[in-house]
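>>> Build me a structure from this.
(chains A and B)
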Amino acid sequence: DTGVSQDPRHKITKRGQNVTFRCDPISEHNRLYWYRQTLGQGPEFLTYFQNEAQLEKSRLLSDRFSAERPKGSFSTLEIQRTEQGDSAMYLCASSLSTTDTQYFGPGTRLTVL
Amino acid sequence: AQTVTQSQPEMSVQEAETVTLSCTYDTSESNYYLFWYKQPPSRQMILVIRQEAYKQQNATENRFSVNFQKAAKSFSLKISDSQLGDTAMYFCAFMRLIQGAQKLVFGQGTRLTINP
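Now for the predicted structure:
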């Protein structure tokens, strides 16, 4: 049973550029979550999917952020017109609705110059 | 809104000692889960232990155990016979059980160092 995977692991970009991250959850998990973690802090919830439906978005998720899970499997998180404040670790987690325990991927570390 | 507070930013103990990490939370919910996650340096978040609020018995996983005090809204983690590999950031997290997103609310973390 493979765990949650994320790609890329690191991304360096210039301010104003668009970036896209991918998350592949554990294969039978129907729930998928995105969190953001800044240095020295705990992760903060961004958004959540049950199958392909995006059911909740945090107020942290500005209009420049969009997430998709088109076939209920992998998910993408896109940030448009990146800002230096977007620099963080972006974590993906998945779970089964029957157990509610979330398993995390290794994260994508974004640096905006 | 739920909040989780970890009042110990850093802790350090000698190998083989027992250490207890503190966590308090604030909620008006009666049904919820609590978790401890471990994040080793430059590595991914790993689940350590989970506690269901409706269970009076404290959860235990090998050397890891919790002291869950529901009335006091306290959820501490005890690590017995600590090992060098226990060095990590430890996060306490709360999840409420209502229909919709079972999102995790995390504390600020405690950096634990196990010294040889």
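>>> Helices of chain A, start to end?
With DSSP state H as the definition, chain A shows no helices.
>>> Up against chain B, what does it have?
Neighbours of chain B within chain A, by Cβ under 8 Å from any Cβ of the partner chain: A:31, A:33, A:35, A:40-45, A:48, A:55-56, A:91, A:93, A:95, A:100-107. From N, CA and C alone the C-beta is placed, and that goes for glycine too.
>>> Could you identify the buried members of those?
A:31, A:33, A:35, A:41-45, A:48, A:56, A:91, A:93, A:95, A:100, A:102-107 (16 or more other Cβ atoms under 10 Å in any protein chain shown).
>>> Restricted to strands, list those residues.
Residues of those located in strands (DSSP state E): A:Arg31, A:Tyr33, A:Tyr35, A:Glu44, A:Phe45, A:Tyr48, A:Glu56, A:Leu91, A:Ala93, A:Ser95, A:Tyr103, A:Phe104.
>>> Rounded mean pLDDT for stretch B:10-27, please.
Averaged over stretch B:10-27, pLDDT sits at 97.
>>> Also stretch A:71-84?
95.
>>> Name the residue of chain A with the shortest distance to chain B.
A:Gly42 (3.1 Å; Cβ to the nearest Cβ).
>>> what's the closest non-adjacent residue to that residue?
Take A:Gly42 and drop its neighbours on the chain: the residue closest to it by Cβ to Cβ, 6 or more residues apart in numbering or on different chains is B:Phe106, 3.1 Å away.
>>> if I read this right, that neighbour contacts A:Leu91, doesn't it?
No. Here B:Phe106 does not reach A:Leu91: they are 10.5 Å apart, not a contact under Cβ atoms under 8 Å.
>>> before we move on, could you check phi and psi at B:Leu84?
Backbone torsions for B:Leu84, taken as degrees, to the nearest 10, come to phi -60, psi -30.
>>> what sits against it?
B:Glu15, B:Ile114, B:Pro116 (Cβ atoms under 8 Å, 6 or more residues apart in numbering or on different chains).
>>> Buried ones among these?
Among these, those classed as buried by neighbour count (16+ other Cβ under 10 Å) are B:Ile114.
>>> wait, which of the contacts of B:Leu84 is closest to B:Leu21?
B:Ile114 (12.5 Å; Cβ to Cβ).
>>> The one helix or strand that closest one maps to pairs with which strands, and in what direction?
B:Ile114 is part of strand B:110-115 when elements are defined by DSSP states H and E. Neighbouring strands of strand B:110-115 in its sheet, by DSSP bridges, are strand B:10-14 (parallel), strand B:88-96 (antiparallel).
>>> If we go by neighbour counts, what in the shortest one is buried?
Okay, so that is strand B:10-14. So for strand B:10-14, counting by 16+ other Cβ under 10 Å, buried means B:Val13.
>>> what sits against the residue nearest to the spatial centre of chain A?
Centroid-nearest residue in chain A: A:Trp34, 3.5 Å away (criterion: Cα atoms, centre = their mean). A:Trp34 is in contact with A:Cys23, A:Phe45, A:Leu46, A:Thr47, A:Tyr48, A:Ala67, A:Ser75, A:Leu77, A:Tyr90, A:Leu91, A:Cys92, counting by Cβ under 8 Å, 6+ apart.
>>> before we move on, back to that, biggest separation within the ones in strands among the buried ones among the residues of chain A next to chain B, which pair?
A:Glu56 and A:Tyr103 (19.0 Å).
>>> For the closest residue to A:Gly105 other than its chain neighbours, report the pLDDT, please.
Using Cβ to Cβ, 6+ apart and skipping the chain neighbours, the partner closest in space to A:Gly105 is A:Val4 (3.6 Å). Here, the pLDDT recorded for A:Val4 equals 95.
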